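*Asks:* Sequence plus predicted model, see below.
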Amino acid sequence: METSPARTPHRLDPAGGCPHAVNARLRSRGAVTPVELPGGIEGMAVLGHEALKEFLQHPDVAKNARHFTDLREGRIAEGWPLRTFATVQGMTTADGDDHRRLRSLVGSAFTPRRVEELRPRVEELTTRLLDGLERAAIADDGVADLRRHFALPLPMAVISELLGVDVEFRDRLHHLSSQVVATDTEPAEAIAANRELAGVLGEIAAAKAADPADDLTSALIAARDEGGDRLSHQELIGPLVLMIIAGHETTLNLITNAVRALCADPGQLDLVRTGEASWADVVEETLRWDAPVSYFPFRYPVRDLAVGGTLIPAGTPVLAGYSAAGRDPAAHGPDADLYDVTRPARADAVRHLALGHGAHYCLGAPLARLEATVALEQLFTRFPTLELGVRAADLAPHAGFVGNSVRSLPVRLAPRGS
């Protein structure tokens, strides 16, 4: 296969920003492009839909960091902001039988049937949080930060209850996880955040070991203790780190991005109200059009690999460009940049990759979809005239290039003077 000539790596901005303009420019260079990661580390990003789909399920692509050449050869500092993505022990860095073993330990908690059983609790939490959102708006001239008061605490409460994490830990865990996934964290801060996050989760695990309950953390501890070697301590903490971070950050961004999109284009909201589209369609189109994760680290070819006409050398850290693939016109048509909630219902619609593909497909996808659909339906039913509280252009982008959203989302729940 012929491969494209070498190109100057694109330097990813550690501070983040709106990814879509950058994505379009990079896609014009090819479906796969070289990038410069923080610290001058050379990597690649897969941006095209078909190339990403191929790459995510390729048998010669691994997740275990022993295949990461720069890390194996000592060129990655301890405080490198992306180091946790490579080195945390758990499902996201395991391959083959090891991955299947770890995934099976928690998979039963996230089946569609088990998730559907959570619906009454998700609905109850949503109603309570909307009460709090309204109180916050009343206290601040009718405007409240929807991200802070609603989009964040809903998934954080749900995943915390599944894991058995008490309320007293939740704000701290969100703060630490935000530092861990940020790509602009200073080395000393990154080291401290990772250690503290592992320490807090270790404290929670120790309490569950002493007093087990009907929660996922207790079940993982039981699996660790069964036979003495089913799950190491690191393999226990790794899944907890993963589930706390992925279990709320992704859904937080999804809800925030959907509300922002609907407020920017009320005609799309009217399509739902008239029955031309469903709330599930809104969720799927938001996942495609404004994926909650922009560039997810890491996968590594175990041999030199040609993908999308570009050679990726063995051992290269590769980012999955979910936000770029979601707007790839080669897959989603010439109107790929258009937010259209009727798109998912069309027979010719191409399924997005925002929640992954292949063996590492997002385990929590059913839960994220449930939380988002319940949240959006209740929000716009209760506050049908909800609108942005600031100009869309004034919304500050999320820090870093992994997560894709805005830092806050001020909304006005009712027209001024009503």
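*Replies:* Ah, there it is.

*Asks:* these two touch, right, His357 and Gln57?
*Replies:* Yes - in this structure, His357 is within contact of Gln57 by C-beta atoms under 8 Å, at 5.9 Å. C-beta coordinates here come from the backbone N, C-alpha and C atoms, glycine included.

*Asks:* Who has more neighbours out of those two?
*Replies:* Ranked by neighbour count (other C-beta atoms under 10 Å), His357 and Gln57 place His357 first, with 20 against 14.

*Asks:* The closest residue to the more buried one other than its chain neighbours: neighbour count?
*Replies:* Distances taken as C-beta to C-beta, 6 or more residues apart in numbering put Leu56 closest to His357, at 4.2 Å, once the chain neighbours are dropped. Residues near Leu56, counting by other C-beta under 10 Å, number 20.

*Asks:* Now for Leu56: which residues touch it?
*Replies:* Going by C-beta atoms under 8 Å, 6 or more residues apart in numbering, Leu56 touches Arg299, Ala320, Leu353, Gly356, His357, Gly358, His360.

*Asks:* Now the phi/psi pair for it, please.
*Replies:* Note on Leu56: its backbone torsions stand at phi -60, psi -20 [degrees, to the nearest 10].

*Asks:* got it, and the one 5 residues further on?
*Replies:* Backbone dihedrals for Val61, given as degrees, to the nearest 10, come out at phi -120, psi 130.

*Asks:* helix, strand or coil for the residue lying closest to it once chain neighbours are set aside?
*Replies:* Distances taken as C-beta to C-beta, 6+ apart place Arg299 nearest to Val61, at 5.0 Å, with adjacent residues excluded. Assigned state for Arg299: strand (three-state reduction, DSSP: H, G, I helix; E, B strand; the rest coil).

*Asks:* OK, contacts around Arg299?
*Replies:* Counting by C-beta under 8 Å, 6+ apart, Arg299 has contacts Phe55, Leu56, Val61, Ala62, Lys63, Pro317, Val318, Ala320.

*Asks:* secondary structure element for the first one?
*Replies:* Read it as Phe55. Counting by DSSP states H and E, the element that carries Phe55 is helix 49-56.

*Asks:* correct me, but Leu82 touches Pro38?
*Replies:* Yes - counting by C-beta under 8 Å, Leu82 touches Pro38, with 6.7 Å between them.

*Asks:* what's the burial count for Asp70?
*Replies:* There are 18 residues near Asp70, going by other C-beta under 10 Å.

*Asks:* Please save the CA atoms from the helix or strand encompassing it in PDB.
*Replies:* Secondary-structure assignment from DSSP H and E places Asp70 in helix 69-72. The C-alpha coordinates for helix 69-72 follow below in PDB (Å, rounded to 0.1, in the frame of the first residue of the first chain):
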ATOM      1  CA  THR A  69       8.300   3.100  22.700                       C
ATOM      2  CA  ASP A  70       9.100   6.400  24.300                       C
ATOM      3  CA  LEU A  71       7.700   5.300  27.700                       C
ATOM      4  CA  ARG A  72       9.500   2.000  27.600                       C
END
